[in-house]
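Asks: Sequence first, predicted coordinates after that:
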Amino acid sequence: MNGGQEPAILVSGLCKSYGQTLVLDDIDLAVAGGTVFALLGPNGAGKTTIVRILSTLIPADTGEARVAGHDVLGDPDGVRAAIGVTGQFSAVDDLLTGEENMRLMADLHHLGSVEGRARVAELLGRFDLVDAARRPASTYSGGMRRRLDLAMTLVGSPQVIFLDEPTTGLDPRSRRTMWDSIRELVADRVTIFLTTQYLDEADHLADRIAVLDHGRIVAEGTPDELKRRVPGGHVRLQFGSQQALEAAARLLGASSRDDDRLVIQVPGDGGVPSLRRLLDQLDDADVEVDQLSIHTPDLDDVFFAVTGHPTAEQAGL
């Protein structure tokens, strides 16, 4: 970790069973502060169980976990004081107005009346809820409820926020609004632990991603690192003449070619060393390239490769 700082979340050997069913099997994780860590996995993979353990809602059977420097088992109060949790099912009270929900959270965090009112006003403005603040939460749209839920989570200024499938069921515009809110939090050095089934969400937001399947971490890395692990990446080369195309195809053994567009494709992972070798080969043979583009597998391909089954989106669920 940078500067020798302790990770915001550190998990070692975490296991959890329900009866004879092993839900989490020897989980190790380290999440750097001020980053977004995305945990991907199908329904039933154990994502929510990890969030519940790290937020002190349930104990693990074995293993150790620290959140914001506090031991989950030994100092649960310290963990709770440092975190916020927003689940896929909103904690908003429909009988209260948006402002009343916020004030309730301020009271629960023991903010004084002046500080509490200021914090509530700040967050209502930040999440574009001022006009709806005095309306019952039951009248809010799905996107507004999620924004209110996240605003309520932020009343206590948490260092670490667990977002458990926060955009499930939202329309594309509301999802992107939530993404913008998450980016703003990270810019303020808040750590985000995100569980999601939306691979594009993880791709857009996450600094690192872990894929959980049948209770085990089956892949972990940055989005680009994970994509490069999957076969199918290629480099697309376009040339200015048929002669250059022919020379490159003979030299490189192209996997496919388009003579009309003067384009060939060659296998490649998109990494700098492999691209340098490719261009050096062409330069040594005095073959000039007009355009070059890199095409790598997406996270859907990664998910299928490491779990053996498609995402919910791919399966049409």
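Replies: Perfect, thanks for sending it.
Asks: For the rest of this, base every contact and every neighbour count on C-alpha atoms.
Replies: Fine.
Asks: quick one: the helices in the stretch 51-200 of the chain?
Replies: Here the stretch 51-200 of the chain has its helices, by DSSP state H, counting those that start in this stretch, at 76-82, 98-108, 113-126, 142-154, 172-187, 199-205.
Asks: Which secondary structure elements does the longest one sit against?
Replies: This means helix 172-187. Counting contacts by 3 or more Cα pairs under 8 Å, 6 or more residues apart in numbering; DSSP states H and E, helix 172-187 packs against helix 142-154, strand 191-196, helix 199-205.
Asks: Which of those sits closest to residue 283?
Replies: Each of the helices and strands packed on helix 172-187 has some distance to residue 283 by Cα to Cα; the shortest is helix 199-205, at 34.3 Å.
Asks: partners of the helix or strand following that closest one, with directions?
Replies: The element immediately downstream of helix 199-205 (helix or strand, assigned by DSSP states H and E) is strand 208-213. Here strand 208-213 has these sheet partners by DSSP bridges: strand 36-40 (parallel), strand 216-221 (antiparallel).
Asks: before we move on, back to that, winner for burial among the helices and strands packed on helix 172-187?
Replies: When you average the neighbours per residue for each of the helices and strands packed on helix 172-187 (mean count of other Cα atoms under 10 Å), strand 191-196 leads with a mean of 25.
Asks: residues in contact with it?
Replies: Residues outside strand 191-196 that contact it (Cα atoms under 8 Å, 6 or more residues apart in numbering) are 8, 32-41, 47-48, 159-166, 182, 185-186, 202.
Asks: these two touch, right, residue 56 and residue 80?
Replies: Yes. Counting by Cα atoms under 8 Å, residue 56 does reach residue 80; the two are 7.4 Å apart.
Asks: The residue lying closest to residue 201 once chain neighbours are set aside: neighbour count?
Replies: In this structure, residue 201 finds its nearest non-sequential neighbour in residue 179, 7.9 Å apart by Cα to Cα, 6 or more residues apart in numbering. Per other Cα atoms under 10 Å, the neighbour tally for residue 179 reads 17.
Asks: wait, residue 179 sits on residue 202?
Replies: No. Taking Cα under 8 Å as the definition, residue 179 is not a contact partner of residue 202, at 10.1 Å.
Asks: Sheet-wise, list the partners of the helix or strand encompassing residue 16 with their directions.
Replies: Using DSSP H and E, residue 16 maps to strand 9-18. Paired with strand 9-18 in the same sheet, following DSSP bridges, are strand 21-31 (antiparallel), strand 62-67 (antiparallel).
Asks: just so I know, which of those strands lies nearest residue 108?
Replies: Comparison of the strands paired with strand 9-18 against residue 108 by Cα to Cα identifies strand 62-67 as nearest, at 21.2 Å.
Asks: buried stuff in the closest one?
Replies: 64, 65, 66, 67 (16 or more other Cα atoms under 10 Å).
Asks: So what sits opposite the residue lying closest to residue 249 once chain neighbours are set aside in the bridge?
Replies: Setting aside the residues directly before and after it, residue 249 is nearest to residue 264 in space (Cα to Cα, 6+ apart), at 7.1 Å. Counting by DSSP bridges, residue 264 is bridged to residue 237, residue 257.
Asks: Contacts only, for residue 264.
Replies: When contacts are counted by Cα under 8 Å, 6+ apart, residue 264 touches 236, 237, 238, 245, 249, 254, 255, 256, 257, 258.
Asks: 7 Å instead?
Replies: 236, 237, 238, 254, 256, 257, 258 (Cα atoms under 7 Å, 6 or more residues apart in numbering).
Asks: Let's have these in JSON lines, adding pLDDT, neighbour count and distance to residue 99.
Replies: Below are these laid out as JSON lines (pLDDT from 0 to 100; neighbours: other Cα atoms under 10 Å; distance: Cα to Cα, whole Å):
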{"residue": "236", "pLDDT": "90", "neighbour count": "19", "distance to residue 99": "54"}
{"residue": "237", "pLDDT": "93", "neighbour count": "20", "distance to residue 99": "57"}
{"residue": "238", "pLDDT": "95", "neighbour count": "22", "distance to residue 99": "58"}
{"residue": "254", "pLDDT": "69", "neighbour count": "17", "distance to residue 99": "62"}
{"residue": "256", "pLDDT": "82", "neighbour count": "13", "distance to residue 99": "60"}
{"residue": "257", "pLDDT": "88", "neighbour count": "18", "distance to residue 99": "61"}
{"residue": "258", "pLDDT": "91", "neighbour count": "11", "distance to residue 99": "61"}
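Asks: Residue 267 versus the residue lying farthest from the centre of the chain, what's the distance?
Replies: Distance from the centre of the chain peaks at residue 243, with 46.0 Å (Cα atoms, centre = their mean). Distance of residue 243 to residue 267, computed by Cα to Cα, to the nearest Å: 21 Å.
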